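Asker: When you get a sec, could you give me coordinates for this:
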Amino acid sequence: LLSRLFRIIGPTLLNRQGPDRGAQYRSGVYSESGDDLERAREWIESVAEKYKEPLQIEVLPLENYSRAEEYHQKYLKKNPGGYCHIDLNA
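Answerer: Numbers count the residues shown, from 1 in each chain. Down below sits the predicted model:
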């Protein structure tokens, strides 16, 4: 899962993904499981040397989750020509 995540995001970008900017575009891994977070940290550390810039991925406990509004659910299915800068086929 992390390998795929790193293929579709800019893991060295802080508060930015593609042309979108702001704290809401911060990349991160969040979980209720401490073991999952530790494994994520270990994996990220193991690939960090492959990048010229420092990785900017938060790895934090999941504390504040809310489901997005209904119009965001399955957005690209509902809006085939809708904006999405992420290549989900990466």
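
Asker: Using the three-state scheme, assign residue 13.
Answerer: Secondary structure, DSSP: H, G, I helix; E, B strand; the rest coil: residue 13 is coil.

Asker: How about the contacts made by it?
Answerer: Residues near residue 13 by Cβ atoms under 8 Å, 6 or more residues apart in numbering: 27, 56. Just so you know, the C-beta spots here come from the backbone N, C-alpha and C atoms, and that holds for glycine as well.

Asker: Would you list the phi and psi of it?
Answerer: Main-chain torsions, residue 13, degrees, to the nearest 10: phi -90, psi 130.

Asker: Could you do the one 10 residues further on as well?
Answerer: Residue 23 has phi and psi values of phi -60, psi -30 when expressed as degrees, to the nearest 10.

Asker: Measure how buried the nearest residue to residue 16 once chain neighbours are set aside is and give me the count.
Answerer: Spatial nearest neighbour of residue 16, excluding adjacent residues (Cβ to Cβ, 6 or more residues apart in numbering): residue 25 at 5.6 Å. Neighbour count for residue 25, taken as other Cβ atoms under 10 Å: 17.

Asker: In this structure residue 25 contacts residue 15, no?
Answerer: Yes: counting by Cβ atoms under 8 Å, residue 15 is a contact partner of residue 25 at 5.8 Å.

Asker: any idea how far the residue most central in space within the chain is from residue 63?
Answerer: Nearest to the mean C-alpha position of the chain, by Cα atoms, centre = their mean, lies residue 27 at 4.0 Å. Noted for residue 27: a distance of 17 Å to residue 63, by Cβ to Cβ, to the nearest Å.
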